[in-house]
Structure formats: structure tokens, C-alpha cells
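**Q** Mind looking at a prediction? Sequence and model below.
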Amino acid sequence: MDNQEFDRLVSEDVKNQISPEKAEYLRLPSNQDAWRKSLLKLLQNLDEQINGLAQDETTSTRNLPSHMITDFKITADEKRTKVNRFRFYVQQRLVEAERMLALGEDSQDPDLKMADFLKRAIEEHQILMVEYNFEPTPIDKALWQAVNGDWGFVGLKNELENW
């Protein structure tokens, strides 16, 4: 399947217009990255359409006779609403694709996939806390210890009451 056909399949998946087998095909571990990239391209295209509608509206407001502006704005608003609605569903699929990529291989035990996903989430949390100079709470520190296999929640209630 070439990229253009794959992109079309992704778009139809967002609209729920493909068979379950084709939807599963998109979600295969070997296709997940391409699926994500296709969704990002689709999102970019929709953003360009929204920007184009705004530019067209600005130009038309300046150049059209006043009696035609209202009709143009109504039509533009309807198009913008449709594009934004579709964009919302594309974003939902993108979240799904990114989550699947973050969880890792499909053949892995579901509990191990979730554990790996949560470990990466905690590590990313710690990186962001440090990067943006947030002061970690005792709960944050206990969570970070859990990544290393240490249960840092023992006695945490007492520490939090005095914090």
C-alpha cells in the first residue's frame, strides 16, 4: 500500500468508514508510526484549511458588497464547524496512536505494557518537573522511587501532615 492510499485509509478510519479488519491493520505495531505520521499530516492539512477560511473571510469582507458578506460568513462558519469537528476526531485518533506507541509492542503481556507505559509516564513527569524547576512534593519523590523498585510511600501520610 502506498502512502497516499494509507493516508486515505487513515482519513476514512477517523470517519469510521472502514471495516474492523482495516482498522486493525492501521493499528498493527509495524504500522503505528506511519499511522501517527499520517494523522499529524491530516491535522496539519485541517489547520491549513481553517487558516485559509479565515483569510478568505477577511478578503471577502473587504471586497464583497455588504449584502453578500452575511451569506459568505454563514457558509464559512459552516465549513469551519465541519473542519473543526473532523479535527477533533483526528486528535482523538492521534492520542490513541501515541498511546499505542508509548505502550510498545502489541505482543507484549498487557500488564507488562501498562507497567512500561506507567514507568515512562513517571520518568517523563520527573524530567518535566526538573526541566521547569518545579519543587517536587514528597508524593513526587515517592513516585520516582517506585520506578527504581523502591516503595517510597511508607510513612508518607505522616510526612505530608508535617509538610
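**A** Received the coordinates, thanks.
**Q** Which secondary structure element is home to residue 136?
**A** Using DSSP states H and E, residue 136 sits in no helix or strand.
**Q** Quick check: it touching residue 129?
**A** Yes - counting by C-beta atoms under 8 Å, residue 136 touches residue 129, with 5.7 Å between them. Backbone N, C-alpha and C define where each C-beta goes, glycine included.
**Q** Which element, helix or strand, includes the spatially most central residue of the chain?
**A** The centroid of the chain falls nearest to residue 95 when counting by C-alpha atoms, centre = their mean (3.2 Å). In the assignment (DSSP H and E), residue 95 maps to helix 66-103.
**Q** Name the next helix or strand following that helix along the chain.
**A** Using DSSP H and E, the helix or strand that follows helix 66-103 in sequence is helix 110-131.
**Q** ok, residues contacting that following helix?
**A** Defining contact as C-beta atoms under 8 Å, 6 or more residues apart in numbering, one finds that helix 110-131 is touched by 99, 102-105, 108, 134, 136, 140, 143-144, 146-147.
**Q** Which one among these sits at the bottom for pLDDT?
**A** Taken together, the contacts of helix 110-131 show their lowest pLDDT at residue 108, with 55.
**Q** Backbone dihedrals for residue 64, both of them.
**A** Residue 64 has phi and psi values of phi -80, psi 150 when expressed as degrees, to the nearest 10.
**Q** distance of it from residue 71?
**A** Residue 64 is 9 Å from residue 71, where distance means C-beta to C-beta, to the nearest Å.
**Q** and which of the contacts of helix 110-131 is nearest residue 31?
**A** Nearest to residue 31, judged by C-beta to C-beta, of the contacts of helix 110-131 is residue 105 at 12.8 Å.
**Q** coming back round to it: show me the contacts for the residue nearest to the centre of the chain.
**A** No contacts exist for residue 95 under C-beta under 8 Å, 6+ apart.
**Q** can I see the domain layout of the protein?
**A** 1-104, 108-163 (automatic domain parsing).
**Q** ranking those domains by mean pLDDT, which is last?
**A** For the domains of the chain, where the average pLDDT is lowest is domain 108-163, sitting at a mean of 85.
**Q** now that one, how far from the chain's geometric center?
**A** 23 Å (C-alpha atoms, centre = their mean, to the nearest Å).
**Q** Run the angle between the helix holding residue 95 and helix 110-131 for me.
**A** If you take axes from the mean of the first three to the mean of the last three C-alpha atoms, to 10 degrees, helix 66-103 sits at 110 degrees to helix 110-131.
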